[in-house]
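Q: coordinates for the following, if possible.
(2 chains)
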There are 2 protein chains.
Amino acid sequence: MIPGPIEFHEHVLEAMTVGATSHVDPGFINIFGETIEMVRKVVFSKDAQPFIVAGSGTLGWDMVATNLVEAGENALVITNGYFGDKFGLCLQNYGANVTFLPSNTPGNRPSLEAIEQELSKKKYKIVTVTHVDTSTGVLADIAGLGRLVRQKFPETLVVVDGVCSVGCEEIKFDDFGLDIVLTGSQKALGAPPGLSIVVASQRAVQVYNNRKSLPASYYAGWNRWIPIMQGYESRKPTYFATPAVQLVMALNVSLKQLLAYGVENNFAKHREVSNKVKDTLESWGLKLVPVSRGVAAHAMTAVYYPEGVQVTDLLPKMAAHGITIAGGLHPTIASKYFRIGHMGISVTQPERGHIEKVLKGVQASLRQCGYKC
Amino acid sequence: MIPGPIEFHEHVLEAMTVGATSHVDPGFINIFGETIEMVRKVVFSKDAQPFIVAGSGTLGWDMVATNLVEAGENALVITNGYFGDKFGLCLQNYGANVTFLPSNTPGNRPSLEAIEQELSKKKYKIVTVTHVDTSTGVLADIAGLGRLVRQKFPETLVVVDGVCSVGCEEIKFDDFGLDIVLTGSQKALGAPPGLSIVVASQRAVQVYNNRKSLPASYYAGWNRWIPIMQGYESRKPTYFATPAVQLVMALNVSLKQLLAYGVENNFAKHREVSNKVKDTLESWGLKLVPVSRGVAAHAMTAVYYPEGVQVTDLLPKMAAHGITIAGGLHPTIASKYFRIGHMGISVTQPERGHIEKVLKGVQASLRQCGYKC
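A: Predicted coordinates for the structure are as follows:
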């Protein structure tokens, strides 16, 4: 029950066991084509260009940095924790002139006013935000950001790192006016890790097409991947690099499950379960890392240890109950809090008892640590 | 029976179905650590540094180009077909000054004399060669190349693209004096596609450490991955990007099978089966793409259609027999030949009948095309 990789549905795992399949087998071409179409549906876009490429979610940062920013261009990085900081490093690696707009305290996020003020200072090629910063459990206001930028800074591209959000936090790609949403296969999409998934608006593709220089990365360059993705979607064999066939098959099954459940239903269910987890932890006197419910993610919960309980006490006791949760990750408070993921089938299939089990395990472990709850 | 992805052993597929596992779970850390150690053993190295990263085999080209060559430095690319040409493009993408040394005809390879002559002209940072060019089935003489470079051009790094060779063609990393061997999980190593595997000599790591500039790629930079690989090998939790947990588990099983069978035994068995396939095809009057047995790979066979038989005739007939083989890929002769892969369990477990089935299928299909054999 960490904030990803999450628990997999049995059918998702089974999808990987069909045996060797050529990446240009007509059956696989159809599966890959369907998967591309489903990714577009999951983020509620009409015409955005999805990319599904073998790699970790992190590779999505490279895709943004190497395709959309040219050396010396400005990038504003809104950071609510560890992952925003790292995204900024990746952009710098590719020569972007990065301005960081950090939250004033771990658990908070910069206000839309502060973002508008910063965007007014100079012309930014892109603004990036981590939708759910997995290190702090803080949720960004991507609807507000998208609308602000489309209205007042229409030439700036809005880039959402949705690694811990796509599928379970509300994303309306076209409505919000987003340009990039990126994620990995192993979070709320419910497939094993190993696929980098990026969705780009036609506006972003146009910005890419107007580049003066070639992308610095070969593997992450859209010059390689746009023909491949369009090829698979039009059910034609194409080749640049062998796709992770089995993982694409697994993702195909998990996306079909998600669409059958309903993406809106999934958002609502994740909100409901998140509220239940947070209410329960707060009822035991624990304090959330996010400064208010309004800035707290629904995909996961980051919560401080109560006084007298430490990381070295709680996590081993949880493990003894057969439950894996995660320690802290934000550098300034890492030893003071822990993280529980609640995504995918653990949320949508209550009959599995995952949420109940993790909450009971936390309670029992806290009591073993001498904390009354 | 294409030259990769190859057929998987049932236990390799089963390894992926264990359910969600954290990338920092102690059990998985041990599996990943073991896998790193086994990769080193498979290439017969004492102290080389393996990298196992989520991505296609192609990502290994980026790893070489972004870590070992700085802008304007010279790279000699020995090319025996399509894949050598593309590796050269990747190097150029990262700013290398690339000299191509092509074979004089599809199906041949440049001689060691020609290579020595070219290396004598200027100082090359790296020389690259495709061990088995999957487009032509040509085998490079990497033992000869390694020895030549170590003796006469000791500062040049020897880079072997072993995508279609690692595990089944003879590679003695330390003995041959190699600096890089790169591959993907889905060829002779017998795991599903989605892992880029690179082995670097300590000499190469030293060259990387002495770089003046940072690697241009963020995701492929060794500054990211050296601490991660060393961390997993020393069985300590580390994090840069979530590894493809299920694929690493599958690779762990397939490498254990390979080491249990014996890597030398595997080389010998692939030679034996390759000879049988080639003898049989030649006995029917077919002509191999490689100009002689001495330059032909053992992992696969590329063979011309006999007169009167065409790609549009043979492949669909093979498919009707339930067998997938591959068409041509080398641009100048693509429509004139086809390719059969013979790697992994199809070779080492004759009881599966794969080789017999593919040969019978080719014979029957050729006869259906009106060819007497």
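Q: from now on I want contacts and neighbour counts done on CA atoms only, so please keep to that.
A: OK.
Q: where exactly do the helices run in the stretch 151-300 of chain A?
A: A:173-176, A:202-209, A:222-233, A:245-261, A:263-283 (DSSP state H, counting those that start in this stretch).
Q: give me the most central residue, chain A.
A: The centroid of chain A falls nearest to A:Val163 when counting by Cα atoms, centre = their mean (1.4 Å).
Q: out of the helices of the stretch 151-300 of chain A, which is the most enclosed?
A: helix A:245-261 (a mean of 22; mean count of other Cα atoms under 10 Å in any protein chain shown).
Q: is chain B within reach of it?
A: Yes - using Cα under 8 Å from any Cα of the partner chain, helix A:245-261 reaches chain B at A:Val245, A:Gln246.
Q: quick one: mean pLDDT over that helix.
A: The predicted model assigns helix A:245-261 a mean pLDDT of 98.
Q: could you redo the helices of the stretch 151-300 of chain A as TSV and give each row distance to B:Leu139?
A: Formatted as TSV, the helices of the stretch 151-300 of chain A follow (distance: least, Cα to Cα, whole Å):
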stretch	distance to B:Leu139
helix A:173-176	49
helix A:202-209	39
helix A:222-233	27
helix A:245-261	27
helix A:263-283	51
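Q: if we can go back for a sec, residues in contact with the nearest residue to the residue nearest to the centre of chain A once chain neighbours are set aside?
A: Nearest non-adjacent residue to A:Val163, counting by Cα to Cα, 6 or more residues apart in numbering or on different chains: A:Thr183, 3.8 Å away. Each residue near A:Thr183 by Cα atoms under 8 Å, 6 or more residues apart in numbering or on different chains is listed here: A:Gly57, A:Gly60, A:Asp161, A:Gly162, A:Val163, A:Cys164, A:Ser165, A:Val166, A:Ser196, A:Ile197, A:Val198.
Q: now do A:Asn266
A: A:Gly167, A:Cys168, A:Leu258, A:Thr348.
Q: again with A:Phe176
A: Per Cα under 8 Å, 6+ apart, neighbours of A:Phe176: A:Ile142, A:Ala143, A:Gly144, A:Gly146, A:Arg147.
Q: SS state for the second one?
A: On the three-state scheme (DSSP: H, G, I helix; E, B strand; the rest coil), A:Ala143 is labelled helix.
Q: what distance do you get for the closest residue to it other than its chain neighbours to A:Asn80?
A: Leaving aside its sequence neighbours, A:Ala143 sits nearest to A:Phe176 (Cα to Cα, 6+ apart; 5.0 Å). Relative to A:Asn80, A:Phe176 is positioned 20 Å away (Cα to Cα, to the nearest Å).
Q: before we move on, what about A:Pro3?
A: 16 Å.
Q: more crowded one of those two?
A: The neighbour comparison of A:Pro3 against A:Asn80 (other Cα atoms under 10 Å in any protein chain shown) goes to A:Asn80, with 32 against 24.
Q: need phi/psi at that one.
A: phi -110, psi 20 (degrees, to the nearest 10).
Q: contacting residues for it?
A: A:Pro102, A:Ser103, A:Pro106, A:Gly107, A:Asn108, A:Arg109, A:Pro110, A:Thr130, A:Asp133, A:Thr136, A:Val138, A:Ala140.
Q: let me have these in CSV, extended by neighbour count and secondary structure.
A: Below are these laid out as CSV (neighbours: other Cα atoms under 10 Å in any protein chain shown; DSSP: H, G, I helix; E, B strand; the rest coil):
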residue, neighbour count, secondary structure
A:Pro102, 17, strand
A:Ser103, 16, coil
A:Pro106, 22, coil
A:Gly107, 24, coil
A:Asn108, 24, coil
A:Arg109, 24, coil
A:Pro110, 17, coil
A:Thr130, 30, strand
A:Asp133, 27, strand
A:Thr136, 31, coil
A:Val138, 31, strand
A:Ala140, 26, coil
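Q: and which of the residues you listed is nearest to chain B?
A: A:Asp133 (14.6 Å; Cα to the nearest Cα).
Q: any idea what the closest one is bridged to?
A: A:Val138 (DSSP bridges).
Q: what sits against it?
A: A:Asn80, A:Gly81, A:Tyr82, A:Phe83, A:Gly84, A:Leu139, A:Cys164.
Q: nearest to A:Val295, out of these: which one, please.
A: Proximity of the contacts of A:Asp133 to A:Val295 (Cα to Cα) peaks at A:Leu139, which lies at 5.1 Å.
Q: neighbours of that closest one, just the number please.
A: 28.
Q: quick check, pLDDT for it.
A: Confidence score, pLDDT, at A:Leu139: 97.
Q: surely it touches A:Ala296?
A: Yes - if you go by Cα atoms under 8 Å, A:Leu139 and A:Ala296 touch, sitting 5.2 Å apart.
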